[in-house]
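In: Compute the structure for the input listed below.
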Amino acid sequence: MTDTEKLRNIIKEKGLKLKYVANYLGLSEYGFALKIGNKKEFKAGEITMLCELLGITKLSDKEAIFFKK
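Out: Sure thing, here's the model as predicted:
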């Protein structure tokens, strides 16, 4: 389960728009909204791309955002 609040905050801190992030991942805005809202899961490749785009390098940070219990 994705920690939506943390992910949205990081995107906002980086000055990015959700539409830009969706396009970067090759997703529609709706498809990205489903994933960020925990209706669908992010694929491993999408998580990797998001981490690169957002500068998330620490494994503990990745786990806290994308694998929240």
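In: What residues does Y30 make contact with?
Out: Listed by Cβ atoms under 8 Å, 6 or more residues apart in numbering, the contact set of Y30 is empty. Placement of C-beta: from N, CA and C, glycine included.
In: how much space is there between it and K40?
Out: Computed with Cβ to Cβ, to the nearest Å, the distance linking Y30 and K40 is 11 Å.
In: cool, and K69?
Out: Taking Cβ to Cβ as the measure, K69 falls 18 Å from K40.
In: More neighbours: the two, which one.
Out: Relative neighbour count places K40 above the other of K69 and K40, with 14 against 6, counting by other Cβ atoms under 10 Å.
In: How much space separates that one from T57?
Out: Shown here: K40 relative to T57, a distance of 25 Å by Cβ to Cβ.
In: Show me the shaky parts of the chain.
Out: By pLDDT under 70, the chain has no low-scoring segment.
In: now with 90?
Out: Screening the chain residue by residue with the criterion pLDDT under 90, one finds the ranges 68-69.
In: Which parts of it are helices?
Out: If you assign secondary structure with DSSP state H, the helices in the chain sit at 4-13, 18-25, 29-36, 44-54, 59-66.
In: got the end-to-end distance for stretch 49-67?
Out: With Cα to Cα, to the nearest Å applied, stretch 49-67 spans 16 Å between its terminal residues.
In: What is the distance between it and the centre of its chain?
Out: For stretch 49-67, the distance between its averaged C-alpha position and the chain's averaged C-alpha position is 8 Å (Cα atoms, centre = their mean, to the nearest Å).
In: in that stretch, what counts as buried?
Out: 49-51, 53-54, 56, 65-66 (16 or more other Cβ atoms under 10 Å).
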